[in-house]
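>>> Sequence first, then the predicted structure:
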Amino acid sequence: MYMHLGRNFSSSSPSIKTTRPISKTSSYPSLNNHCLRQLLSTYTILSFKNTPETIITTIMSKTQVHQSPPASPNLVPLSKPSSQANNGIASLPVQSAPALQKSPRSTQMGLVSSTIEAVASPSTIENSLSVKAVVTVKTSAGGFFSELGISGGIDKVTDLMGKTLLLELVSAELDPKTGQEKRTIKGYAHKKGHNEEAVMYGCKFKVGEEFGEVGAIFVENEHHKEMYLKDIVLDGFVGGPLNITCNSWVHSKYDNPQKRVFFTDKCYLPTETPSGLRRLREEELVILRGNGQGERKSYERIYDYDVYNDLGNPDSNGDKKRPVLGGKELPYPRRCRTGRPRSKTDLQSESRSESIYVPRDEQFSTIKGLTFSAKTVYSVVHALVPSLETAVVDSDLGFPYFTAIDELFNEGVNLPPLQKQGFLKDLFPRLIKTITNASEDVLRFETPETMIRDRFFWFSEEEFARQTLAGINPYAIQLVTEWPLTSELDPRIYGPPESAITIEIIEREIKGFMTFNEAIKQKKLFMLDYHDLLLPYVNKVRQLKGTTLYGSRTLFFLTPDETLKPLAIELTRPPTDDGKPQWKQVFTPTCHSTSMWLWRFAKAHVLAHDSGYHQLVSHWLRTHCATEPYIIATNRQLSEMHPIYKLLHPHFRYTMEINALARGYLVNGDGIIETTFSPGKYSMELSAVAYDKQWQFDLQGLPNDLISRGMAVKDPTAPHGLKLAIEDYPFANDGLLLWDTIKEWVTNYVNHYYPDPSRIASDKELQSWWTEIRTVGHGDKKDAPGWPNLKTPSDLIHIVTTMVWVASGHHAAVNFGQYTYAGYFPNRPTIARTKMPIEDPTEEELKMFWDKPEVALLTCFPSQIQATKVMAILDVLSNHSPDEEYLGQDPEPAWKVEPVINAAFERFHGRLKELEGVIDARNTDQKFKNRSGAGIVPYELLKPFSEPGVTGKGVPYSISI
Ligand SMILES: [Fe+2]
């Protein structure tokens with residue numbers, strides 16, 4: 001029997017039997033086909049025995065055989081497909097049973113039907129394989145199944161109508177006779193079963209011998225809603241099942257007629273792409289790049305660039321206008337382009353939106369559990385913070401006593417009723433408690449580990465210094481290499497450039513240890529230098545309500561037991577617009593009560609500077625923000641088949657989404673950062689200045705970063721080839737071990753695919769990728785020093801190791817200890833709200849300082865609302881979700897299919913496990929005084945693995961929060 005090809009059912013439908021009538025209330029989208037209507041009508045009326053699934057496949061097998069047009073008919077018109085395209089209607093014999101089954105059946109799912117639904121070509125039937133496809137569609141991901149329910153009626157109806165998933169197998173090789181692409185093999189996959197997490201679609205193909213290896217598969221989603229495809233397994237080949245990892249949203253064909261292509265898990269350099277896939281490889285990249293026009297739609301997958309022109313909200317309030325970050329004036333990395341309309345009142349700015357576009361597969365909050373970070377951060381900002389703002393009426397109110405701060409951990413803050421937000425209690429079990437004998441909910445913070453171990457830790461000078469080496473901002477401490485300390489700023493604007501920290505002051509503080517000259521010569525003086533970065537913003541920030549600023553320098557001395565001792569803090573205010581000259585004072589930790597109190601005030605200012613630098617530069621700019629252009633370029637220039645794409649992919653997960661959320665609610669105008677950090681609305685601008693003055697690609701790798709700060713020198717005889725300026729520098733010691741472990745893995749990986757430099761030079765995708773990162777994503781710094789060439793495997797190893805380190809080790813070091821160290825804010829206030837009591841004080845200010853210095857200090861500290869907002873955010877940011885993906889824990893599917901890579905990954909995993917033991921041993925060795933001792937929190941931030949929760953350890957693959 002011969003049938004016409006095509007999707008229409010025959011009008012002479014066979015008799016169908018079923019026991020279940022279909023609901024008359026079901027809707028049938030696109031039911032405009034007479035044949036379908038007739039078919040459904042028959043189906044509704046008759047009484048039958050089979051299940052609907054059996055019926056569908058029976059109908060399909062008897063009425064329809066699919067033969068495909070050539071590959072990718074709906075893709076963008078690059079080069080046209082081969083001339084063997086079969087545009088006419090052909091006829092094929094219908095097969096009712098598999099002709100040949102050469103390999104065992106998949107054990108994944110019990111497929112209902114054994115009917116063959118697609119064949120390769122009539123001439124190959126005798127020598128063909130029966131190949132079974134199982135498509136796993138995730139149901140907990142929203143999209144189609146979340147709205148209908150997996151056992152709902154409509155999906156069965158759409159199944160009955162053939163509106164399911166249309167699959168097309170693509171041959172990896174061209175037809176050797178014609179040199180053209182082979183015809184694809186098409187088949188409809190129907191729902192075959194389900195479990196709690198997924199629905200399985202099944203389909204059978206007859207694959208003729210001459211079809212060769214399957215290299216890719218087209219998927220067309222016939223539903224009206226998108227679906228999240230986890231993977232497709234093709235079983236029946238002699239070599240075993242073929243896995244195609246998707247982990248991707250497939251749009252409805254009604255939203256976008258382009259078919260999706262998924263390649264097999266195997267990697268290929270561009271020049272080694274199987275001949276049948278070359279066109280698809282190129283076309284897929286063209287699709288992902290988009291055309292740079294129009295507003296992006298939520299289902300799109302386009303990766304493109306834009307400047308940071310969406311931080312302000314000028315349409316809501318003129319005061320919320322913010323400068324564009326990116327460009328000559330304020331160089332900045334690029335973000336993902338959303339194409340939203342311009343603001344009405346400021347044409348430089350993009351208008352605001354509640355939902356910010358990121359390419360569809362970057363929206364992980366729709367496929368991860370409820371504890372996924374982006375969701376929890378969103379909930380804190382949208383539900384918890386407004387509740388706090390309601391609970392704390394006076395936004396300027398500080399804490400009246402230190403014991404009032406303790407109450408946050410004991411009694412908590414009464415919140416307005418959260419009945420309608422009951423999910424918050426589930427979302428933040430650490431934060432939201434219900435008082436059982438009252439109807440109120442309270443926000444009660446967990447006591448940070450630092451406080452648990454030592455109630456007075458924050459008060460100690462040694463701890464203040466230790467945290468520069470083992471706290472959450474170990475990226476700022478630097479060796480003093482020049483003397484005197486001098487500003488490079490214009491003295492006509494900022495006043496005399498010489499530091500007020502003199503040799504005499506230093507010698508007074510290090511008396512008994514050595515002279516000043518010996519200290520310089522022996523490299524014993526270290527510094528936190530926030531002078532030239534902050535000074536140009538002091539007068540601007542002081543115009544803002546409720547904050548102030550200084551330029552600052554803090555000096556430390558390295559004692560013989562390898563611990564740092566704070567020596568002096570210098571605070572500087574430049575000349576003011578109303579004619580006051582530069583104000584500059586040095587404070588030292590002396591014993592007299594006045595000096596001691598002033599030292600505490602000065603320390604509060606420096607800690608606020610360090611908190612700002614940590615959050616805006618070490619954390620946001622250098623990890624979240626700098627990585628986004630890498631992600632965009634990787635998706636635009638490297639095919640999913642590219643081995644470097646596969647290597648980097650897990651390190652880029654979740655980052656674009658969390659960055660979009662940060663642009664929306666954390667670093668935006670009037671957002672959490674601006675309202676709680678000293679620089680206020682200049683916060684992000686400061687991060688742009690830091691990018692301009694300090695950021696270099698080659699300094700993002702740990703060894704070069706340490707060398708640039710004078711914290712290490714090259715030494716071929718030393719471990720890691722570096723001699724540290726402070727031997728007990730916990731971040732550097734653990735970080736270098738992790739860096740080397742990552743580098744070894746990357747080296748093994750890169751050397752496997754690039755055994756010689758010629759392959760690097762001839763890899764056009766790779767070269768375009770690196771060029772785009774340098775000249776577009778980080779284009780504002782394209783002429784800056786520090787960009788390595790990409791000519792040799794070792795160049796590539798360095799570049800990739802740097803990116804991996806930034807996304808994993810660097811981010812973990814500055815992120816997951818935030819609640820531990822800043823949860824008790826006197827240890828790291830984010831803002832110092834009042835100037836030093838002796839800088840041009842009013843009588844009232846002076847009296848307050850003399851009579852009640854503690855109250856004056858609490859007034860300088862963050863207000864109640866500022867402190868609690870930051871604590872809630874930091875608690876969430878420091879949290880590992882139960883499904884956290886740790887570096888080296890699980891391999892990517894593509895790594896597993898390549899034995900050499902799989903073995904290298906196993907070694908990588910083993911090294912990371914060893915690192916755990918090394919770090920544990922270091923933390924219990926009392927000779928390492930910067931990480932071990934009475935009341936000291938051990939340094940575990942670079943320990944690779946962790947349990948869920950706020951643990952102060954664990955290095956995820958990527959920047960996910
Ligand atoms: Fe982060």
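Received the coordinates, thanks.
>>> Wait, residue 808 touches residue 887, no?
Yes. Taking CB atoms under 8 Å as the definition, residue 808 is a contact partner of residue 887 at 4.8 Å. No exception for glycine: its C-beta is placed from N, CA and C like everyone else's.
>>> who touches both of those two?
742, 955, 956, 957 (CB atoms under 8 Å, 6 or more residues apart in numbering).
>>> Just give me the residue right at the centre of this structure.
For the chain, the residue nearest the mean C-alpha position is residue 655 (1.8 Å; CA atoms, centre = their mean).
>>> where do the strands sit along the stretch 601-750 of the chain?
712-714, 722-724 (DSSP state E, counting those that start in this stretch).
>>> If you count contacts, what does the first one end up packed against?
Contact here means 3 or more CB pairs under 8 Å, 6 or more residues apart in numbering; DSSP states H and E; on that basis strand 712-714 packs against helix 702-708, strand 722-724.
>>> Packed most tightly, which of those would that be?
Among these, helix 702-708 has the highest mean neighbour count (mean count of other CB atoms under 10 Å), at a mean of 21.
>>> How many residues are close by residue 512?
When neighbours are counted by other CB atoms under 10 Å, residue 512 registers 5.
>>> and what of residue 637?
Neighbour number of residue 637 under other CB under 10 Å is 24.
>>> Now do the phi/psi pair for residue 203.
phi -160, psi 150 (degrees, to the nearest 10).
>>> for the stretch 301-450 of the chain, what spans make up the helices?
Using DSSP state H, counting those that start in this stretch, the helices assigned to the stretch 301-450 of the chain run over residues 373-379, 385-391, 402-410, 423-427, 449-453.
>>> Which of the ones you listed has the highest mean neighbour count?
In terms of average neighbour count - mean count of other CB under 10 Å - the standout among these is helix 373-379, at a mean of 21.
>>> Not counting it itself, show me its contacts.
Contacts of helix 373-379 (CB under 8 Å, 6+ apart): 364-365, 368, 423-424, 427-428, 654, 657-658, 661, 665-666, 873, 876-877, 879, 881, 960-961.
>>> Pull that helix out as PDB, backbone CA atoms only.
Extracted in PDB, the C-alpha atoms of helix 373-379 (Å, rounded to 0.1, in the frame of the first residue of the first chain):
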ATOM      1  CA  SER A 373      19.600  31.500  44.100                       C
ATOM      2  CA  ALA A 374      18.100  33.900  41.600                       C
ATOM      3  CA  LYS A 375      14.700  33.100  43.000                       C
ATOM      4  CA  THR A 376      15.600  33.600  46.600                       C
ATOM      5  CA  VAL A 377      17.400  36.900  45.900                       C
ATOM      6  CA  TYR A 378      14.400  38.000  44.000                       C
ATOM      7  CA  SER A 379      12.100  37.100  46.900                       C
END
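>>> how far is it from where the chain is centred?
13 Å (CA atoms, centre = their mean, to the nearest Å).
>>> In this structure, which helix is the longest?
Assignment by DSSP state H gives helix 899-924 as the longest helix of the chain.
>>> Show me what it is packed up against.
Using 3+ CB pairs under 8 Å, 6+ apart: helix 899-924 touches helix 730-753, helix 893-896.
>>> hey, least reliable of those by pLDDT?
For the helices and strands packed on helix 899-924, mean pLDDT drops lowest on helix 893-896, to a mean of 94.
>>> quick one: low-confidence ranges for the protein?
Scanning the chain for pLDDT under 70 picks out the ranges 1-126, 140-163, 369-371, 417-424, 434-439.
>>> Mind doing that once more with 80?
1-127, 139-163, 318, 365-373, 375, 416-429, 432-441 (pLDDT under 80).
>>> in the stretch 651-800 of the chain, which spans are helices?
Counting by DSSP H, counting those that start in this stretch, the helices of the stretch 651-800 of the chain are 655-661, 672-676, 683-694, 702-708, 730-753, 757-761, 764-772, 793-805.
>>> which one is residue 356 nearest to, not counting chain neighbours?
Of all residues not flanking residue 356 in the chain, residue 660 sits nearest, at 4.2 Å (CB to CB, 6 or more residues apart in numbering).
>>> Stretch 245-263: end-to-end distance?
8 Å (CA to CA, to the nearest Å).
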